[in-house]
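# Need coordinates for the below:
(one chain, ligands or ions: 2)
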Amino acid sequence: MTTTVPLIYSFPEFLGVADAVADHVISAQNQTLYNTTDPKQIELIKSRPALLKSSSGISVTQQSPSHSPSQSQNGISNNVTNGGSKAKKDKKIHKKQEVRFKIAISGGSLIKILHQGLLPRQEYIEWDKWDIYFADERLVPFDSPDSNYGQAKREIFDLIEGDKKPNIYHIDEELIDDNQEAADDYEKQLIRNFAKKDSVKLPMFDLLLLGCAPDGHIASLFPNFGEQLREKLAWCLPVENAPSGPKNRITLSIPVICHAARVTFVVEGKTKAPIIRTIMERPEKGLPSSIVNEGAAGRVSWFVDDAALNDLYDITKKKYKFLSFPEPATAT
Ligand SMILES: NC(=O)C1=CN([C@@H]2O[C@H](COP(=O)(O)OP(=O)(O)OC[C@H]3O[C@@H](n4cnc5c(N)ncnc54)[C@H](OP(=O)(O)O)[C@@H]3O)[C@@H](O)[C@H]2O)C=CC1
Ligand SMILES: O=C1O[C@H](COP(=O)(O)O)[C@@H](O)[C@H](O)[C@H]1O
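Residues are numbered from 1 along each chain as shown. Ligands and ions are numbered 1, 2, ... in the order given. Here you go, the predicted structure:
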């Protein structure tokens, strides 16, 4: 394995990480929807949508999702949640390509970072243009404190202001006793949404947000789970006997993670310092995140606080520049 050095943004403290990650997420949203992060251009495009050109130069129309799920009374249909009322919109036939921001999030400490960073900045977020997926899920009931979806629902989704809601693609809770079925079902959701018409080899998320546990696992890809780390075809994998936390899980595969337009690791706290050192200094060990650093080279960035970087002296740290909202006074 060659040594690929990803972009590492460092911050003195937790709050700095949360602010910068929020700016990074909103910048990715704006790049995806408007091909720019310049607020003035975005305002102009919003007032004159014809100005918006896709990267291929084709005009793109902002519109309601043609693939929107049908909904039950509580807004939950099977494995998809969306609080918006779309009945009327669904009747419209949209021929032009729709642009949506497709993001996959992890669980654990990342949810707290997003809670802290995104929720106070909802004025910059176009929730109704977001499709939110999970990089992995623990196979537990949604009301368990171990459920990634459950935690994200309580700490983020339930706190979204206004009636413009994202589409949220989570596992089918009824399948938590069958890892393979749960993984197959989630993969089918991805195929439905990413490969509707064309046969695409891999889904491409606009942004994939990953944490990294002290044992080196990312999403639910664990070090030494060689077969899973070598998977080339499946988009979503069942995980049994996970060495930490809930034993049964599903996870996106390495090829899917590496295919994302942007892969962003968010890591904070001194318990992570030893693993960060191994990831950055010993890529030949083949930890899951080292595989991603290599496989998505040029599209990977790390947002890390000084506590987690404690043991690392020999790397180039970069100062994060705020692109989509003013840098808060506390962030340095
Ligand atoms: N498919 C898509 O729709 C898109 C995909 N992408 C992908 O995502 C990757 C990341 O994109 P993007 O984040 O826009 O970066 P870019 O690829 O545009 O630029 C990367 C470089 O820009 C600088 N930079 C960018 N943002 C910041 C920041 N907030 N703070 C400090 N420096 C910064 C850094 O170098 P410097 O010191 O020179 O400033 C960095 O090395 C790209 O490499 C590309 O592959 C990007 C846009 C659209
Ligand atoms: O088990 C998991 O752990 C990782 C890392 O969590 P963290 O709390 O140490 O950041 C997380 O990214 C993943 O989604 C989760 O299922």
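
# how far away is the residue in the chain that ligand 2 sits nearest to from ligand 1?
Closest approach of the chain to ligand 2 (CB to the nearest ligand atom) occurs at residue 108, with a separation of 2.4 Å. The way it works is simple: take the backbone N, C-alpha and C, and place the C-beta from them, glycine included. As judged by CB to the nearest ligand atom, to the nearest Å, residue 108 and ligand 1 stand 23 Å apart.

# which residues sit in contact with the closest residue to that residue other than its chain neighbours?
Distances taken as CB to CB, 6 or more residues apart in numbering put residue 211 closest to residue 108, at 4.8 Å, once the chain neighbours are dropped. If a contact means CB atoms under 8 Å, 6 or more residues apart in numbering, then residue 211 has 106, 107, 108, 109, 110, 218, 265, 266, 267 as its contacts.

# Around the third one, count how many other residues there are.
Going back to what we said before, that points to residue 108. 19 (other CB atoms under 10 Å).

# Correct me if wrong: it contacts residue 213.
Yes - using CB atoms under 8 Å, residue 108 is in contact with residue 213, at 7.1 Å.

# how far away is the residue nearest to residue 6 when sequence neighbours are not counted from residue 292?
Nearest residue to residue 6, sequence neighbours excluded (CB to CB, 6+ apart): residue 300, at 4.1 Å. Applying CB to CB, to the nearest Å, the value for residue 300 to residue 292 is 6 Å.

# Could you pull out the residues contacting both of those two?
With CB under 8 Å, 6+ apart, residue 300 and residue 292 have common neighbours residue 263.

# Quick check: beta-bridge partners of the residue nearest to residue 6?
Beta-bridge pairing for residue 300 (DSSP bridges): residue 263.

# What count of nearby residues applies to it?
Other residues close to residue 300 by other CB under 10 Å number 25.

# Can you name the residues that contact it?
Residue 300 makes contact with 6, 7, 263, 264, 265, 292, 293 under the criterion CB under 8 Å, 6+ apart.

# can you check residue 172 too?
Taking CB under 8 Å, 6+ apart, one finds 78, 79, 182, 185, 186 in contact with residue 172.

# Show me which of the residues you listed are buried.
The neighbour-count test (16 or more other CB atoms under 10 Å) applied to the contacts of residue 172 identifies 78, 79, 182, 185, 186 as buried.

# Residue nearest the middle of the protein, spatially speaking?
residue 104 (2.7 Å; CA atoms, centre = their mean).

# and the gap between it and residue 110?
11 Å.

# Which neighbours do those two have in common?
With CB under 8 Å, 6+ apart, residue 104 and residue 110 have common neighbours residue 209.

# residue ranges with poor pLDDT in the stretch 201-332 of the chain?
Across the stretch 201-332 of the chain, the ranges flagged by pLDDT under 70 are 311, 313, 330-332.

# Repeat the analysis, applying 80 as the threshold.
Within the stretch 201-332 of the chain, the stretches with pLDDT under 80 are 311-315, 330-332.

# Quick check: residues of it near ligand 1?
261, 262, 298, 299, 318, 320, 321, 323 (CB under 6 Å from any ligand atom).

# ok, how many other residues are close to the residue nearest to the second one when sequence neighbours are not counted?
It refers to residue 262. Of all residues not flanking residue 262 in the chain, residue 207 sits nearest, at 4.9 Å (CB to CB, 6+ apart). Residue 207 is flanked by 22 other residues according to other CB under 10 Å.

# which residue sits closest to residue 159, ignoring its sequence neighbours?
Counting by CB to CB, 6+ apart, the residue nearest residue 159 is residue 119, at 5.6 Å.

# Then residue 238?
Distance criterion CB to CB, 6+ apart; nearest residue to residue 238, sequence neighbours excluded, is residue 179 at 3.5 Å.

# now swap in residue 221 and tell me
residue 288 (4.4 Å).

# The one you found against residue 220, yeah?
No - contact criterion CB under 8 Å: residue 288 and residue 220 do not qualify, at 9.8 Å.

# gap between residue 115 and residue 134?
From residue 115 over to residue 134 (counting by CB to CB), the distance is 16 Å.

# With neighbour numbers in mind, choose between these two.
residue 134 (24 against 17).

# For the more buried one, list the residues it contacts.
104, 105, 106, 107, 148, 149, 152, 169, 170, 171.

# tally of neighbours for the third one?
By other CB under 10 Å, 27 other residues sit near residue 106.

# For it, give its distance to ligand 1.
For residue 106, the distance to ligand 1 - CB to the nearest ligand atom - is 18 Å.

# from now on call the first residue 48
In the new numbering, first residue 48, that becomes residue 153.

# That residue touches residue 196, doesn't it?
No - under the criterion of CB under 8 Å, residue 153 makes no contact with residue 196, lying 11.4 Å away.

# Just say helix, strand or coil for residue 229.
helix (DSSP: H, G, I helix; E, B strand; the rest coil).
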